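I'll drop the sequence and a predicted model, then ask my questions.
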Amino acid sequence: MSYIKLILLFLFFTTSLYSQSVVNSINFSGNNFFSSFDLLKSITTKKDIVYNPVQFNADLISIRAKYKEAGFLLAKISDYKIIFSEDSSIVDISIQISEGNRVLIGKIDITGNKEISTSQIFSILETKSGEVPDENKLNNDIREILKLYEKKGLPFTRVEIRDISLYYSGNNPQILISIVISEGTKTKIDEIRIKGNEVTEPYVITREIGISVGQNINTEQLENIRRRLDRLAIFENVETPKIYEIKNTRKNGLLIEVKEGNNNTFDGVIGYVPPPSENESGYFTGLVNLNFKNIFGTGRRLDAKWMQETKSTQELELKYLEPFVLGFPVNFNLGFLQRIQDSTYTKRKFEFKGDLKFTDNITGSLILGVESIIPSSDSNVVFITSDSRTLYAGSEIKYDSRDNIYNPSKGLSIKFNYTYGNKTIFSGTGQSFNIQKYSSELDLFFSFFKRQTTFLRLSASEINSDKLEDADLIRVGGMRNIRGYRDEQFLAERFIYENFEPRYVIGRRSFLFIFLDAGYYFREADVLNNIPVQEQFIYGYGLGLQIETGIGIIGVSYGLGKGDGILDGKIHFGLINNF
């Protein structure tokens, strides 16, 4: 028992002695690649602090790890000395390092690959011969190889580092990295299961995904399936499809999980404008919006909208979509629009549009339509509008790689539209005029950090004809283009604008945003109505939000136009509708 007491007393005395020793100096020798200053930065033991033997041993390990990261795999601490002063109050430390030769990657051996060539695998590797081995690079290379096999239709491929060994080429040590690939088999879909479709018919989903039983599938196709179903705008949520093994067989199935949203909505807003004077009467304004996005679960769609903007301006719009006509990837769209404009004229438009999907991202459209303008019989009308009819035809091409149609975080949307028509004037001499309309729109979405997305739109449009009237012109201002101005405040023949909108995401389809809109419009003089040439650069700025509610997705913004004071802003309110 007395021996134990002596040992404990000695350990206590030794620890107490070390704990009072202060480091006086630390010297390195044998180090050529790293300076003494670099090595001192990598350790915790420092001059003028209390010496701790446990920490010092950890520092020696840190020095060896630092050399290993730089490729000196044979580096070692060949010797070290701890010298205490007579009273043990200070300690001097000397560390002898043997660096050895720097060891670089000599060979990378890849085996087991049959479906993808070795040269193709080497082309995607960050790890290269002649470089210092990097664990992070090597792990990333494994992930990239797996992605390559997933795109090839082999998602169950395994890739492992079988061996990292040292060998000599002459007198130079080098590293051999051995990568072994187990490709497995291609994933063939033997059955398709759909979950969560309470209303939607299964065939609507299977025809949209573009995958049939007996077909091989890869991870890129799985993500495309999710995007295709999401763009139908009839599901609240679509999970990325999963591949599963069918029990007691060697077969695979495809599981598609969806959550259906509220596809039939009826909503409206009503307001009352009081009379400006005793001799005038007040009037109601409002909006009624009726949507059937998935009629009888077939993917067919019907939208109806009625809007009373002012006492004398109202609009009625109907749209119908028939998807996959005769089983082909062709959609038919029918539309009707009637607009009573300030008691000056009534515009009615019937339009047919056929959409053909070339790829997942590219759609081409054929457009046919007729537009009639019926002047008002009101004798107090100041502007002169001709009684006319325009027959037109055109085409549209769209490219869309957005990851979500309501709240994209990345992607690109491009649209080009051209129509050519013949306008016949029934009043007067009954002349006819050709009319051409061009428009292009580019939407870009990108993110810098989580929950942030930036939206940038560039748009240009032009109308050409020997005779243009109010009903033909491009309407500028408001929620559709330049916020901070009244809706359709200006009329133009040529219009170019941009929307710049940084967003902060607060929900799956909801976000806050600030915006800067700017544009230029031009309109030639209208001699008949005594209107001079009009052109102007305008801009608007402000903030707003888009929020998902029980009646749909609502957008609200407060914008200030050129020269407006803080209280002169315009409130823009609208229901977001991706028909």
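In hand now; what should we look at? These numbers come from a predicted model, not from an experiment.

Every contact and neighbour count from this point should use C-alpha atoms.
OK.

Could you list the domains of the chain?
Using automatic domain parsing, the domain parsing of the chain gives 19-98, 104-182, 189-260, 264-575.

I'd like those domains as a markdown table, with mean neighbour count and mean pLDDT appended.
A markdown table is the format used below for the domains of the chain (neighbours: other Cα atoms under 10 Å; pLDDT from 0 to 100):
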| stretch | mean neighbour count | mean pLDDT |
| --- | --- | --- |
| domain 19-98 | 15 | 89 |
| domain 104-182 | 15 | 86 |
| domain 189-260 | 16 | 86 |
| domain 264-575 | 17 | 87 |
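
which residues of the stretch 301-450 of the chain fall in strands?
With DSSP state E, counting those that start in this stretch as the criterion, the stretch 301-450 of the chain has strands at 313-322, 330-341, 345-357, 362-375, 388-400, 411-425, 432-446.

ok, and what's touching stretch 162-181?
101-113, 157-161 (Cα atoms under 8 Å, 6 or more residues apart in numbering).

In strands, which of those residues fall?
In strands, judged by DSSP state E, the following of the contacts of stretch 162-181 are found: 104-111, 158-161.

Endpoint to endpoint, stretch 377-393 covers what distance?
30 Å (Cα to Cα, to the nearest Å).

For the helix or strand harbouring E498, which strands pair with it and how are they oriented?
Assigned by DSSP states H and E, E498 falls within strand 494-505. Applying DSSP bridges to the sheet, strand 494-505 is found paired with strand 452-465 (antiparallel), strand 511-523 (antiparallel).

Kindly present those as TSV, with separate columns for distance to N331.
Shown next, in TSV, are the strands paired with strand 494-505 (distance: least, Cα to Cα, whole Å):
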stretch	distance to N331
strand 452-465	26
strand 511-523	31
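
How about K349, nearest residue that isn't a chain neighbour?
E371 (4.3 Å; Cα to Cα, 6 or more residues apart in numbering).

Hmm, the one you found is touching R339, no?
No - the pair E371 / R339 is not scored as a contact, 11.2 Å apart, by Cα atoms under 8 Å.

residues shared between the contacts of these two?
347-348.

sorry, back to before: could the strands of the stretch 301-450 of the chain be laid out in TSV, adding distance to G184?
Below are the strands of the stretch 301-450 of the chain laid out as TSV (distance: least, Cα to Cα, whole Å):
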stretch	distance to G184
strand 313-322	43
strand 330-341	38
strand 345-357	34
strand 362-375	34
strand 388-400	34
strand 411-425	33
strand 432-446	37
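
Mind listing the residues bridging to A492?
Beta-bridge partners of A492, as defined by DSSP bridges: I474.

quick revisit: for the residue nearest to K349, list the residues it contacts.
347-350, 389-391.

Confirm for me that L444 is in contact with S409.
No - judged on Cα under 8 Å, L444 makes no contact with S409 at a distance of 9.7 Å.

what are the ranges of the strands in the stretch 101-250 of the chain?
Going by DSSP E, counting those that start in this stretch, the stretch 101-250 of the chain shows strands at 104-111, 158-169, 172-182, 189-195, 235-238, 242-245.

Redo those as CSV? Include distance to E317.
Formatted as CSV, the strands of the stretch 101-250 of the chain follow (distance: least, Cα to Cα, whole Å):
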stretch, distance to E317
strand 104-111, 63
strand 158-169, 56
strand 172-182, 59
strand 189-195, 35
strand 235-238, 24
strand 242-245, 41
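
Any idea which of those gets closest to I463?
Among these, the nearest to I463 by Cα to Cα is strand 235-238 (37.9 Å).

Tell me the helices and strands packed up against the closest one.
helix 219-231, strand 252-260 (3 or more Cα pairs under 8 Å, 6 or more residues apart in numbering; DSSP states H and E).

In the sheet, which strands lie alongside it, parallel or antiparallel?
strand 252-260 (antiparallel).

so how far is the strand it pairs with off the chain centroid?
23 Å (Cα atoms, centre = their mean, to the nearest Å).

in this structure, which residue is closest to the centre?
For the chain, the residue nearest the mean C-alpha position is K410 (1.8 Å; Cα atoms, centre = their mean).

Distance of that residue relative to I95?
On the measure of Cα to Cα, K410 and I95 end up 54 Å apart.

do S461 as well
75 Å.

repeat for P275
For P275, the distance to I95 - Cα to Cα - is 94 Å.

which residues are contacting the host helix or strand of F37?
Assigned by DSSP H and E, F37 belongs to helix 36-41. With Cα under 8 Å, 6+ apart as the test, helix 36-41 has contacts from 27-28, 46, 63.

That's all I had, so thanks and see you.
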